[in-house]
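**Q** Sequence and predicted structure below; questions after.
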Amino acid sequence: MCAASSWRWRAGLVVGVLGVAGLLSGCATGQRESALVYFPPPPAVAHAVHLVSFNSLDELAPTRPSFLDVLRGPADFAGIEGPGGLACANGALYVCDRLAGVVERWQLETGKKTTLGRGVLSKPVAVAVAEGGTVLVADPGLGEVVAFDAVGAVTGHWKPAQRESYQPVAIALAGATAWVADAGNHALDRFNLTDGTHQGTVGAPGKEPGQFAFPSGLAIDAGGRVVVADTFNSRVQVLGPDGSSLKTFGQAGDRYGDMGKPRQLAVGPDGVIFIADATFAHVHLFDGEGRLLMLLGGPQHEAGGTPLPFGVAVAPTLPDRLTALVPDNFQAQYYLFVSNTVGTKRLSLFAVGLSQ
């Protein structure tokens, strides 16, 4: 999908804004969970569609029980108690469960489930996965980043030396560098991905470019830029690979494009930036230049809603049993997972692309 053409629909944006206004006012409630919800809503050309909301891998992609499963009887519910940050890598969805103190790794093709960090983690809120399978978890409860190998064994505990209080809440990977947001000190730290060596700190408390107030989301775009959710400043900042300030967008307010409390964020393969906004209960979509494209979700607890969203993760591809959920009238380019801190269904899956 080309960000310079497919995403710059002016009429669609107006219709989408009006449609989301209906969601924010509660006019879209009463939808069945199985209903497809398009963004922007008809008659605009849709660029996203809600596919399913779920609490567990079994709800997302049910598998046919074996004869032994039938004999054993119903399995214990393996759902997420308090979903936080998300990541998609190596065919798996990683979900931080803040209340259970673990990270769940769900293989989307096979249905295999693995739990990381039980008895080790305290309050995992963000997760990132390196190409070699290293899993990094930001845990402000422990005051450190915990590194796991591909099979789930702990390989390191990272934090800056001589820092009295450390509250890591977001992680993003850029080559051999791991960027970590420290909400308590309103700064970003860089670590060597191989051995966890601290490589420096960027930022300080404040409102000026390059300063932060509770940074709680990080992502790296295709150009190596660092995209930061500057939560209490109600904006997003874009930094260069060296940490220099390049641009800011968003501001506090109640107009479309304004932000309440941006939390975690992700960047799509087309450069679209997805920002979970807990205050406004939706996901903002901006292009790489900071121009609003549309809003996704809303405060309703039914299909398509994103009540109090926390984490977002982009999946370039999904296995066939999940792509089968995409309606025939929609051409999916990639997929978006969203975690919600309230509601009966805490995780949601959307397809991003173009209706036909």
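**A** Yep, it's here. Numbering: from 1, shown residues only.
**Q** what does stretch 106-116 rub up against?
**A** Under the contact criterion Cβ atoms under 8 Å, 6 or more residues apart in numbering, stretch 106-116 has outside partners 57-58, 60-61, 63, 78, 91-95, 102-105, 135, 137, 148, 152, 318-319, 321-322. Glycine gets a C-beta too; all of them are placed from N, C-alpha and C.
**Q** what is the mean pLDDT for it?
**A** The predicted model assigns stretch 106-116 a mean pLDDT of 94.
**Q** Please apply the same query to stretch 79-88.
**A** Stretch 79-88 comes out at a mean pLDDT of 92.
**Q** buried ones in it?
**A** By neighbour count on 16 or more other Cβ atoms under 10 Å, the buried set for stretch 79-88 is Gly79, Ile80, Gly82, Pro83, Gly84, Gly85, Leu86, Ala87, Cys88.
**Q** which residue sits closest to the fourth one in space, ignoring its chain neighbours?
**A** Using Cβ to Cβ, 6 or more residues apart in numbering and skipping the chain neighbours, the partner closest in space to Pro83 is Ser339 (3.8 Å).
**Q** Check Lys123 too.
**A** Nearest to Lys123 is Gly141, by Cβ to Cβ, 6+ apart, at 3.2 Å.
**Q** Next: Leu239.
**A** Nearest one to Leu239, counting by Cβ to Cβ, 6+ apart, is Val226 at 4.2 Å.
**Q** Tell me the neighbouring strands of the lengthiest strand in the chain, and mark each as parallel or antiparallel.
**A** Secondary structure of the chain read by DSSP state E shows that its longest strand is strand 330-340. Paired strands of strand 330-340, with direction, are strand 309-315 (antiparallel), strand 347-355 (antiparallel) (DSSP bridges).
**Q** Can you show me the helices along this protein?
**A** Taking DSSP state H as the criterion, the chain carries its helices at 10-24, 57-60, 67-72, 320-323.
**Q** check contacts around Ala61.
**A** Contact analysis of Ala61 by Cβ under 8 Å, 6+ apart lists Leu108, Gly111, Pro319, Arg321, Leu322.
**Q** Likewise for Val135?
**A** Neighbouring residues of Val135 by Cβ under 8 Å, 6+ apart: Tyr94, Val103, Arg105, Leu116, Val127, Ala128, Val129, Ala147, Phe148, Asp149, Ala150, Gly152.
**Q** For it, give the beta-bridge partners.
**A** Under the criterion used (DSSP bridges), Val135 bridges to Val129, Phe148.
**Q** Please convert the buried members of the contacts of Ala61 into PyMOL selection syntax.
**A** In PyMOL, this line selects whichever of the contacts of Ala61 come out buried by 16+ other Cβ under 10 Å:
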select buried, resi 108+322
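**Q** Now for the contacts of Ala61: which two are most distant?
**A** Across the contacts of Ala61, the longest distance by Cβ to Cβ is 11.3 Å; it joins Gly111 and Leu322.
**Q** quick one on the thing from earlier: mind checking the strands paired with strand 330-340 for the one nearest to Lys207?
**A** Across the strands paired with strand 330-340, Lys207 has its closest neighbour in strand 309-315 (24.3 Å, Cβ to Cβ).
**Q** about what we covered before: sort out for me which of the buried residues of stretch 79-88 are in strands.
**A** Secondary structure from DSSP E places Pro83, Gly84, Gly85, Leu86, Ala87, Cys88 of those in strands.
**Q** with the residues you listed in mind, which one is nearest to Gly217?
**A** Of those, the one sitting nearest to Gly217 (Cβ to Cβ) turns out to be Gly85, at 8.9 Å.
**Q** which ones are touching the closest one?
**A** By Cβ under 8 Å, 6+ apart, the contact set of Gly85 is Cys96, Pro124, Val125, Ala126, Val127, Ala138, Ala170, Gln264, Phe310, Gly311, Ser339.
**Q** how about TSV for those residues, with distance to Pro327 and pLDDT added?
**A** Output for these, formatted as TSV (distance: Cβ to Cβ, whole Å; pLDDT from 0 to 100):
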residue	distance to Pro327	pLDDT
Cys96	30	97
Pro124	34	98
Val125	34	98
Ala126	32	98
Val127	30	98
Ala138	36	98
Ala170	33	98
Gln264	28	97
Phe310	27	96
Gly311	25	97
Ser339	24	97
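**Q** Between which two of those is the distance greatest?
**A** The two members of those with the most space between them (Cβ to Cβ) are Ala138 and Ser339, at 14.6 Å.
**Q** More neighbours: which of these two?
**A** The neighbour comparison of Ala138 against Ser339 (other Cβ atoms under 10 Å) goes to Ala138, with 30 against 27.
**Q** one step back: how close does the residue nearest to Leu239 sit to Arg346?
**A** Separation of Val226 from Arg346 (Cβ to Cβ, to the nearest Å): 28 Å.
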